[in-house]
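S.K.: mind looking at a prediction? Sequence and model below.
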Amino acid sequence: MVVWKSHGTSPNDDQIEWMLERLEKAGTQRFGKGNGRIDRTMRQVPEHFHAHLRDAQWLSRRWTEKPSKYSGVGGQRVLLT
């Protein structure tokens, strides 16, 4: 998941591109290349821009696995540059 640092709803195109590139990189590291899709729908927190990279099993895992403290899918938080 990426969240716009300014916590507004309208980052510019360059900011969105930067965030989504990092999200794609993290998703590739976590799930493998081509095993996820970006979901930009801001359902539960519409007050600021955020996006998720969801693997094909995310919905079923959402109800069957306990979320991790940080990411909801397990693993360590890693700063991607």
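M.R.: That came through, no problem. Everything numeric here is computed off the predicted structure, so don't read it as measured data.

S.K.: and the lengthiest strand in the chain, how far from the chain's centre?
M.R.: Of all the segments of type strand in the chain, defined by DSSP state E, the longest one is strand 50-55. On the basis of Cα atoms, centre = their mean, to the nearest Å, strand 50-55 is displaced by 3 Å from the centre of the chain it belongs to.

S.K.: which is the next helix or strand following it?
M.R.: Counting by DSSP states H and E, the element after strand 50-55 in chain order, helix or strand, is helix 58-64.

S.K.: what does the longest strand of the chain rub up against?
M.R.: With Cβ atoms under 8 Å, 6 or more residues apart in numbering as the test, strand 50-55 has contacts from 1-4, 19-20, 23-24, 26-27, 30-31, 35-40, 42, 73. Just so you know, the C-beta spots here come from the backbone N, C-alpha and C atoms, and that holds for glycine as well.

S.K.: in ChimeraX, how would I select just the buried ones from these?
M.R.: Typed into ChimeraX, the line below selects the buried ones among the contacts of strand 50-55, using 16 or more other Cβ atoms under 10 Å:
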select :1,2,4,19,23,24,26,27,30,31,36,73
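
S.K.: so which of the contacts of strand 50-55 are in strands?
M.R.: The strands, defined by DSSP E, take in 2, 3, 36, 37, 38, 39 from the contacts of strand 50-55.

S.K.: now render the residues you listed as CSV, adding pLDDT and distance to residue 62.
M.R.: Shown next, in CSV, are those (pLDDT from 0 to 100; distance: Cβ to Cβ, whole Å):
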residue, pLDDT, distance to residue 62
2, 86, 19
3, 85, 19
36, 86, 14
37, 87, 15
38, 90, 17
39, 87, 12
